[in-house]
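>>> no letters, just coordinates:
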DNA sequence: TATTTTTTTTAGATTTGTCTAAATTTATTT
DNA sequence: AAATAAATTTAGACAAATCTAAAAAAAATA
């Protein structure tokens, strides 16, 4: 596989994330996402089109082709493996690792990533619960649902968190909730949508609907 | 501390290595070291002088000042910690890690390096036996001598290897010699300068003078 | 010391990625 | 459908890092 510049990789990654939500992407939303000007985006689109990484007709929006998606998945893979390393091996809090992984994801060695993955035990999900694509770009899937809609008395495990701010982290730390935590919802208060939950070896506690809406879980086997 | 570009850091590091041998550095030798043109070196020298990292009078050579040396030591520190990580944690052969560490050394986070160092157990020497500067730029010293001049029957430990090519690595692997290996020189053949050595749990073997001249050791306590 | 050679610097281009401002195309409203 | 607004692209510029070729300075040699 060819090598791309850090800037190209960043554009490709952002397009990839945007086109998951809305099939074709437009210039302004990419400019907003990347905090740059629409003109810069247009410039880069021409380069990426020349390198055959995306479909693009001027004024008509754009989307990554298969090659482009593979490149994007490679960058996402590296980003999430490094995040896992930073949290699990170096002990960073998960809300601190993003900017560092943004740099590490552009280190080019394939052998490095192969060995890093093995060293980490081939994790399937990063510390935020986001899936880590495998070497072929395959993304592990998991049947997730929002904690706010989980039925009472079912045992579920936290698999990801939507809002990844320091404020949310602080909140979750206080409640002893992290990726992998097992939770049972014991009551649902109609009035404000808040939940009473039970975590193993913790006293019961109440979560606001706002928090619950940002926590995603899967059913335990 | 300010941030510098990857290119600036690479120039600073190369100047640092060159000025260890010859107090003041000249344009052509830096150009050769960095595999670039003398004109490019002059361009960069002006930038580094503006940023107050080196003493430089045109046509008169140049050298890093104290600020420049600190920056250089920071880069060297990062390079060697990453090399240690790549060899000790990811299982790379030591002759494969240099180009990867050349990329990793430019990752900017200080917190990352602090935690990486702690994770690695604060090593003092990298896998080639080169010293790792501490957070303040202090370089651990060790009283080294060349294996070719070690007196007979003294127990010594390999601390570094001068020639770090794949060919040398292959040779040393064959003899079961690495950084940290304990060696006793049992005979010295005047004819060709070759040595008979004994390594714990290995049969005695003969090293050519050429190999011995590239191996550095220190006396055991 | 005068000449030649070597080293170093300058001058002028080039590439990559960015910018602002103006022009163009598309979309939305009267 | 015409006018207006919004989105997008082009034109032209700039900074960083590089290059080649020419000029200038320093060093070596005759």
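Ah, there it is. Model, not experiment: these values are computed from the prediction.
>>> so who does the most centrally placed residue in chain A touch?
With distances taken as Cα atoms, centre = their mean, residue A:130 lies nearest the centre of chain A, 4.1 Å away. Residue A:130 makes contact with A:80, A:160 under the criterion Cβ atoms under 8 Å, 6 or more residues apart in numbering or on different chains. All C-beta atoms are positioned from the backbone trio N, CA, C, and that covers glycine.
>>> from residue B:20, how far out is it?
46 Å (Cβ to Cβ, to the nearest Å).
>>> setting the sequence-adjacent residues aside, check what's closest to residue A:33.
residue A:14 (4.9 Å; Cβ to Cβ, 6 or more residues apart in numbering or on different chains).
>>> hmm, the one you found is touching residue A:31, no?
No - taking Cβ atoms under 8 Å as the definition, residue A:14 is not a contact partner of residue A:31, at 9.8 Å.
>>> more crowded one of the two?
residue A:14 (20 against 17; other Cβ atoms under 10 Å in any protein chain shown).
>>> which helix or strand contains that one?
helix A:6-21 (DSSP states H and E).
>>> ok, residue A:168 next?
Counting by DSSP H and E, residue A:168 is part of helix A:166-174.
>>> how far out from the middle of the chain is the one helix or strand in chain A whose mean pLDDT sits lowest?
Across the helices and strands of chain A, mean confidence by mean pLDDT, DSSP states H and E is lowest for helix A:166-174: a mean of 91. In terms of Cα atoms, centre = their mean, to the nearest Å, the centre of helix A:166-174 is set 18 Å apart from its chain centre.
>>> next: stretch A:1-12.
Distance, centroid of stretch A:1-12 to centroid of chain: 19 Å (Cα atoms, centre = their mean).
>>> and that stretch, what's buried?
Buried residues in stretch A:1-12, defined by neighbour count with 16 or more other Cβ atoms under 10 Å in any protein chain shown: A:4, A:8-12.
>>> same thing with stretch A:180-191?
A:181, A:183-185, A:188.
>>> closest one of the buried residues of stretch A:1-12 to DNA strand C?
Nearest to DNA strand C among the buried residues of stretch A:1-12 is residue A:8, at 5.3 Å by Cβ to the nearest atom of the strand.
>>> just to revisit the earlier point, what is the helix holding residue A:168 packed up against?
Using 3 or more Cβ pairs under 8 Å, 6 or more residues apart in numbering or on different chains; DSSP states H and E, the elements in contact with helix A:166-174 are helix A:209-212.
>>> ok, residues contacting the helix or strand following the helix it packs on?
Later in the chain than helix A:209-212, the nearest helix or strand by DSSP H and E is strand A:215-219. Residues from elsewhere that reach strand A:215-219 (Cβ under 8 Å, 6+ apart): A:129, A:142-148, A:150, A:154-162, A:172, A:177, A:183, A:207.
>>> now those residues: which count as buried?
So, by 16+ other Cβ under 10 Å, the buried ones in the contacts of strand A:215-219 are A:129, A:147-148, A:150, A:156, A:158-161, A:172, A:177, A:183, A:207.
>>> out of the residues you listed, list just those in strands.
Judged by DSSP state E, the subset of the buried ones among the contacts of strand A:215-219 located in strands is A:156, A:158-161, A:183, A:207.
>>> angle of the helix holding residue A:168 against strand A:155-161?
160 degrees (axes from the mean of the first three to the mean of the last three Cα atoms, to 10 degrees).
>>> quick revisit: run the contact check for whichever helix or strand comes after the helix holding residue A:14 versus DNA strand D.
Remark: after helix A:6-21, the chain's next helix or strand is helix A:27-34, criterion DSSP H and E. Yes - interface with DNA strand D: helix A:27-34 contributes A:27-29 (Cβ under 7 Å from any atom of the strand).
>>> can you lay out those residues as a markdown table showing distance to residue B:122 and pLDDT?
Below are the residues of helix A:27-34 next to DNA strand D laid out as a markdown table (distance: Cβ to Cβ, whole Å; pLDDT from 0 to 100):
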| residue | distance to residue B:122 | pLDDT |
| --- | --- | --- |
| A:27 | 49 | 97 |
| A:28 | 49 | 97 |
| A:29 | 46 | 97 |
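>>> emit the PyMOL select command for whichever of those residues are buried.
Listed next is the PyMOL selection for buried residues among the residues of helix A:27-34 next to DNA strand D, using 16+ other Cβ under 10 Å:
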select buried, chain A and resi 27+29
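>>> quick one: which of the residues of helix A:27-34 next to DNA strand D is nearest residue A:47?
residue A:27 (14.2 Å; Cβ to Cβ).
>>> circling back: intersect the ones in strands among the buried ones among the contacts of strand A:215-219 with the contacts of chain B.
Near chain B, judged by Cβ under 8 Å from any Cβ of the partner chain, there are no entries from these.
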